[in-house]
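*Asks:* Could you look at this predicted model? Sequence included:
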Amino acid sequence: VQSLRIAIMAPSNFILFLTLLVAQSHLARSARSRRRPTAARPAGSRENPTEYDRTITTFNSEGRLLQVEYGSIAAGRGDTVSCFDLDCLVPQSSCKLRGIVVCVVREAKPKSVTWHQLTDKVHRIDHHAILVTSGLTGDSAALADMLRATCLNSRMMNGEHPTLKEIAEAVGSTQHQLTRTDGRRPFGVSAAVIGIDPIPCLGFDSNMNIAGDDDRTANRSVKLPPPGVPTLYRSDPGGTVDRCDYCAIGRGAEKAMGALESIMKGYNSKDNTNEDEGLSTERHILAEVIAKVATAAFNSEGDSPSAEEDNDVDIDDSMPRVLDIWFISTGPKNRGGARFRVARSVNRESMDEASEKLIQ
């Protein structure tokens, strides 16, 4: 009765309502008539990843997410990066000679190229930590920017540097979040987080003589803050984070990992310490290890399995390959307690000389 009263009192509204109802039903019938029949998915479609793998929830026959696999393939096409923590060789009490060696293989650039154009794989994310990547350059830069913001927020909120574990967990969380977010893809980057943890070094004597530039401060007992602990973490495009003594990422990672394992086993299987020679023996061992890690990175670039299996990898054999050797060690007088030294454009002939200079 109420609807009849409305229709009688407002006939124009009732006519408009009927017109809209008829038009809507006509559009619905037109849409159904234009709808194409759904094609049946072929039986072997899951084996062809180029047709039905555009979403983040598609698995291959081995139970792996295809988008994450594509990120791993992109990360495996980058140049080789080898990292080696000297803590597994040097006694823990010798805080001066502790550190991490990072060897980054790249193409030789002309002398006109500035230094910041050579550091697309090594990113300084805080005073005490760096991020070394292999894979897509744009993804590496985006990941580094996110980590810089994370470290800055941590310093502003807590008043101290974040630990390397917190930074590595931020890397893994960022990479894992992209594997389950609609409309985004995983980063095609494998990363290594390297730095000095702000944790006191065991056996460190804070009352030590520090030779300063001024004669008044030379040979004076200065109480320094205890140095931190060199730490190395590795992450993959899926977001898995591992604490490592040594690791390798990039095109020749598999071959480099075998060489780094041989280096560690070779030095740990024999007694390399000599109490009579002391510090000079340790320095000689460290220089030798740095040269061997650099050699492992160089040798892994040639005839790497991933480069042979993937025909889409574009490697210019005419361009000479060089190394950037980084040595990250404790430095109580440096900002963040970390000391970063680098030897750029090192070739096979100058490898031993660069290794000696890095530990001076």
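*Replies:* That came through, no problem. On a predicted model such as this, the values are computed, not experimentally measured, just so you know.

*Asks:* quick one: the helices in the stretch 1-150 of the chain?
*Replies:* For the stretch 1-150 of the chain, applying DSSP state H, counting those that start in this stretch gives helices covering 2-9, 11-34, 66-76, 137-158.

*Asks:* Deepest in the core, which of the ones you listed is it.
*Replies:* Burial of the helices of the stretch 1-150 of the chain is given as mean neighbour count (mean count of other Cβ atoms under 10 Å); helix 66-76 ranks first at a mean of 21. C-beta coordinates here come from the backbone N, C-alpha and C atoms, glycine included.

*Asks:* Helix or strand for Cys247, just tell me which one.
*Replies:* Secondary structure from DSSP states H and E places Cys247 in strand 246-249.

*Asks:* Pass me the low-pLDDT residue ranges in the stretch 51-200 of the chain, would you?
*Replies:* Scanning the stretch 51-200 of the chain with the threshold set as pLDDT under 70 gives 51-54, 56, 90-97, 110-119, 199-200.

*Asks:* show me where it has strands.
*Replies:* Per DSSP state E, counting those that start in this stretch, the stretch 51-200 of the chain carries strands over the ranges 81-85, 99-107, 122-126, 129-135, 189-197.

*Asks:* if we can go back for a sec, in its sheet, what does the strand holding Cys247 sit against?
*Replies:* strand 81-85 (antiparallel) (DSSP bridges).

*Asks:* before we move on, back to that, following the strand holding Cys247, which helix or strand shows up next?
*Replies:* Taking DSSP H and E as the definition, the helix or strand right after strand 246-249 is helix 253-268.

*Asks:* Give me the helices and strands touching the helix or strand just after that next one, please.
*Replies:* Later in the chain than helix 253-268, the nearest helix or strand by DSSP H and E is helix 279-301. Counting contacts by 3 or more Cβ pairs under 8 Å, 6 or more residues apart in numbering; DSSP states H and E, helix 279-301 is packed against strand 81-85, strand 99-107, helix 253-268, strand 321-330, helix 351-358.

*Asks:* Identify whichever of the helices of the stretch 1-150 of the chain lies nearest to Arg98.
*Replies:* Proximity to Arg98 (Cβ to Cβ) singles out helix 137-158 among these, at 22.3 Å.

*Asks:* for that closest one, packing partners?
*Replies:* Checking 3+ Cβ pairs under 8 Å, 6+ apart, helix 137-158 ends up next to strand 122-126, strand 129-135, helix 164-178, strand 189-197.

*Asks:* and the ones you listed, which is most packed in?
*Replies:* strand 189-197 (a mean of 28).

*Asks:* now that one and strand 129-135, what's the angle there?
*Replies:* On the basis of axes from the mean of the first three to the mean of the last three Cα atoms, to 10 degrees, strand 189-197 is oriented at 160 degrees to strand 129-135.

*Asks:* Now do strand 189-197 and strand 321-330, the angle between them.
*Replies:* 30 degrees.

*Asks:* Now the helices of the stretch 1-150 of the chain in TSV, please, with extra columns for distance to Glu166.
*Replies:* Below are the helices of the stretch 1-150 of the chain laid out as TSV (distance: least, Cβ to Cβ, whole Å):
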stretch	distance to Glu166
helix 2-9	66
helix 11-34	53
helix 66-76	23
helix 137-158	7
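
*Asks:* quick one: which of those helices is nearest Ile196?
*Replies:* Here helix 137-158 is closest among the helices of the stretch 1-150 of the chain (Cβ to Cβ), at 13.5 Å.

*Asks:* Compute the inter-axis angle for that closest one and strand 122-126.
*Replies:* Going by the same axes, to 10 degrees, helix 137-158 makes 10 degrees with strand 122-126.

*Asks:* Tabulate the CA atom coordinates of helix 137-158 in PDB.
*Replies:* Provided in PDB are the C-alpha atoms of helix 137-158 (Å, rounded to 0.1, in the frame of the first residue of the first chain):
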ATOM      1  CA  THR A 137      71.100  -2.700 -10.100                       C
ATOM      2  CA  GLY A 138      67.700  -0.900  -9.600                       C
ATOM      3  CA  ASP A 139      66.500  -3.500  -7.100                       C
ATOM      4  CA  SER A 140      69.900  -3.200  -5.200                       C
ATOM      5  CA  ALA A 141      69.500   0.600  -4.900                       C
ATOM      6  CA  ALA A 142      65.900   0.300  -3.700                       C
ATOM      7  CA  LEU A 143      66.900  -2.300  -1.100                       C
ATOM      8  CA  ALA A 144      69.800  -0.100   0.100                       C
ATOM      9  CA  ASP A 145      67.500   3.000   0.500                       C
ATOM     10  CA  MET A 146      65.100   1.000   2.600                       C
ATOM     11  CA  LEU A 147      67.900  -0.200   4.900                       C
ATOM     12  CA  ARG A 148      69.300   3.300   5.300                       C
ATOM     13  CA  ALA A 149      65.900   4.500   6.400                       C
ATOM     14  CA  THR A 150      65.700   1.500   8.800                       C
ATOM     15  CA  CYS A 151      69.100   2.300  10.400                       C
ATOM     16  CA  LEU A 152      68.300   6.000  10.700                       C
ATOM     17  CA  ASN A 153      65.000   5.300  12.500                       C
ATOM     18  CA  SER A 154      66.800   2.900  14.800                       C
ATOM     19  CA  ARG A 155      69.400   5.500  15.800                       C
ATOM     20  CA  MET A 156      66.700   8.200  16.300                       C
ATOM     21  CA  MET A 157      64.500   5.900  18.400                       C
ATOM     22  CA  ASN A 158      67.100   4.000  20.400                       C
END
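
*Asks:* Sweet, I'm off.
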